[in-house]
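> The following block contains a protein sequence and its predicted model.
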Amino acid sequence: MNHLLEIKDLSVAYGDVQALWDVSAHVDEGTVVSVVGANGAGKSTLMRAISGLLEPLSGDILFRGETLVGVPAQEITARGISHVPEGRGLFTQLTVQENLELGAYLAHVRPHFAASLDHVFTLFPKLKERRGQKAGSLSGGEQQMLAIGRALIARPKLLILDEPSLGLSPLVVRQMFELIARLHDEGVTLLLVEQNIRQALKAADRAYVLQTGHVAMQGEAAALLENPQVQKTYMGALD
Amino acid sequence: MLDILSVRLVVEIFINGVLFGAMYGVAAVGLSLIFGTMRIIFIAQGTIIVLAAYVVYWLFNTFGLDPYLSLVVVAPLAFATGATTYRFLFRKAAAMADKNTSLLIAVGLMFLVQNVISFVWTPNPKSIITSYTAVGFEVFGSRISVTRSISLVIALAATAAVVLFLRRTLVGKAVRAASENMQAAMLMGIDPHRVNAIAFAIGFALAGAAGVALATTYPFDPYYGFSFALKALIALALGGIGNVVGALLGGILLGLIESFSSFFISAGWADAIAYAVFLLVLMFRPEGLFATSFKKA
């Protein structure tokens, strides 16, 4: 079976500092895949390599069977990968509406803008109320909704969410995972990076545990959730 | 005590300051746009303005084309030249994390253009004298030159056009987005080379407009461009980097500072005072003077 996204022996460095070593992973259509691990494990680096913001040292990234290595980031977006980066990447000086319009910047997305916008406003009614406000004036949770809403406007084949729960209150974090479940039900393929490991594993079909730039564990998310080693290393203190 | 005569004089100094400052302002708007996406001070901006002034001069002397009418030729030509200049000179350097290469290319371009102008048109100052150059009109008893007034109108119209483009069009919004966060813009599918090229094209078109304004109001020589770019840089700092309307206002403020200090102190001190204000603003209000009242356009 062909995977939607397939990462083969990927190594990536930031300048002289190598952050990923021979990482292999895959994402199938319609599934939610979580990448979990401690701070600095290389999760964001992996996402940035997929979306073209970082050039790998070696290895390959295949999306629908075609390599993404050497393809500029804007073209990877055009091929159907929307990446909500760590820190959200909102244009804080632009309004909510303008941010959403830029989600439909690509020519093939623009004709669907009105319909996609309706869908996004159904998911996040708050954004509709605040459409004339500058994105920078929104609360943290609203900003995260805007970032995800903006990514959904492009109707991506793969949606990458990098730490969507970071810095949000527990109530908003719960809403965020409810949203992820809803997107999963709608058939959106999701690659989710999280430090909130228990939640991330509950939300996912498959998961990868990254440890200092290597894949330490992988498999069914439900199985990893029960795995004593995962529980001990990543959830022990929380229980 | 102020009598009628000195009130008139102050009004005249004020108006001339505004009119000349508007030209700095247009140059600063161009600097602001290019800085926004490229993260470099485009130091050749003043020299491009001077080049445009020479083209206006050439069209006037060779074809008898009215300098204001030549705007119709010069602005689109400058627009295309800006996009081409980006494509051939800056495209590769723009992708580098180190911005010094782009800055050095701009410096090299400035000297190259200066020398070409000097070779083609000689280093002697030029000016354009039309039938209406000496014409003026009276406002509250003060005499205002027609050409400088038209320059102000050009400056205001050009800035308004840029603001409308940035606020109303999708590409304009993409330029603003890229100015704030280029990587996030790329994740929207925005091609950084495209927005850089647009910033250059508009920056050059504004230089074309400023060149028309310059050619019709003041004498110019090939080496005037560098100090003009420095003045535009001061205007940019006064207005706050990345703030288009602020850049225009910064230019007008600079024009006023120069105009008043030339009269009340001496012309020789006007430049020194302008640079001193520049340093003071950067030290005490680096976000610009209008940062709270005018957000990014």
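Ah, there it is.
> contacts, neighbours, all on C-alpha from now
OK.
> so where does the residue in chain A that chain B sits nearest to fall, helix or strand?
Closest contact between chain A and chain B, by C-alpha to the nearest C-alpha, is at A:Q74 (3.9 Å). For A:Q74, the element it lies in under DSSP states H and E is helix A:73-78.
> got the CA coordinates for that helix in CSV?
Written as CSV, here are the backbone C-alpha positions of helix A:73-78 (Å, rounded to 0.1, in the frame of the first residue of the first chain):
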residue,chain,number,x,y,z
ALA,A,73,8.1,25.5,0.8
GLN,A,74,5.5,27.5,-1.1
GLU,A,75,5.3,24.7,-3.7
ILE,A,76,4.9,22.1,-1.0
THR,A,77,1.9,24.1,0.3
ALA,A,78,0.6,24.1,-3.3
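> residues in chain A within reach of chain B, list them.
Contact residues (C-alpha under 8 Å from any C-alpha of the partner chain) of chain A with chain B: A:51, A:53, A:73-78, A:82-83, A:85, A:89-94, A:98, A:101-106, A:151.
> among those residues, which are in strands?
Among these, the members falling in strands (DSSP state E) are A:S82, A:H83.
> Can you tell me what sits against stretch B:199-208?
Residues from elsewhere that reach stretch B:199-208 (C-alpha atoms under 8 Å, 6 or more residues apart in numbering or on different chains): B:26-27, B:29-31, B:33-34, B:37, B:45-46, B:48-49, B:52-53, B:71, B:74-83, B:85-86, B:158, B:162, B:175.
> rerun that using 7 Å as the cut-off
Under the criterion C-alpha atoms under 7 Å, 6 or more residues apart in numbering or on different chains, residues B:26-27, B:30-31, B:33-34, B:45, B:48-49, B:52, B:74-76, B:78-83, B:86, B:158 lie in contact with stretch B:199-208.
> same check, this time on stretch B:23-40
Residues outside stretch B:23-40 that contact it (C-alpha under 7 Å, 6+ apart): B:41-42, B:45, B:94, B:99, B:103, B:155, B:159, B:178-179, B:196, B:199-200, B:202-203, B:206-207, B:210, B:231-233, B:235-236, B:241-242, B:244, B:247-252.
> just how off-centre is it within its chain?
Relative to its chain's centre, stretch B:23-40 lies at 8 Å (C-alpha atoms, centre = their mean, to the nearest Å).
> Quick check: buried residues in it?
B:23-38, B:40 (16 or more other C-alpha atoms under 10 Å in any protein chain shown).
> can you give me the helices in chain B?
Using DSSP state H, the helices found in chain B span residues B:4-38, B:45-63, B:71-85, B:91-94, B:100-121, B:146-168, B:170-180, B:182-187, B:192-217, B:224-239, B:244-264, B:267-284.
> pLDDT (mean, whole number) over the last one?
Helix B:267-284 shows a mean pLDDT of 89 in the predicted model.
> what angle do that helix and helix B:244-264 make?
Angle of helix B:267-284 versus helix B:244-264, following axes from the mean of the first three to the mean of the last three C-alpha atoms, to 10 degrees, is 140 degrees.
> Go through the worst-scoring helix or strand of chain A on mean pLDDT and flag the buried ones.
Ranked by mean pLDDT, DSSP states H and E, the helix or strand of chain A with the weakest confidence is helix A:228-230, at a mean of 88. Using 16+ other C-alpha under 10 Å as the test for burial, helix A:228-230 gives A:V230.
> cool, and stretch A:122-138?
For stretch A:122-138, a neighbour-count test (16+ other C-alpha under 10 Å) marks A:F124, A:L127, A:R130, A:R131, A:Q133, A:K134, A:A135, A:L138 as buried.
> And chain B, what are its domain boundaries?
B:38-168+B:183-222, B:223-297 (automatic domain parsing).
> For the residue nearest to A:Q74 when sequence neighbours are not counted, give me the pLDDT.
Leaving out its chain neighbours, the residue that sits closest to A:Q74 by C-alpha to C-alpha, 6 or more residues apart in numbering or on different chains is B:G189, at 3.9 Å. In this model, B:G189 is scored at 97, pLDDT.
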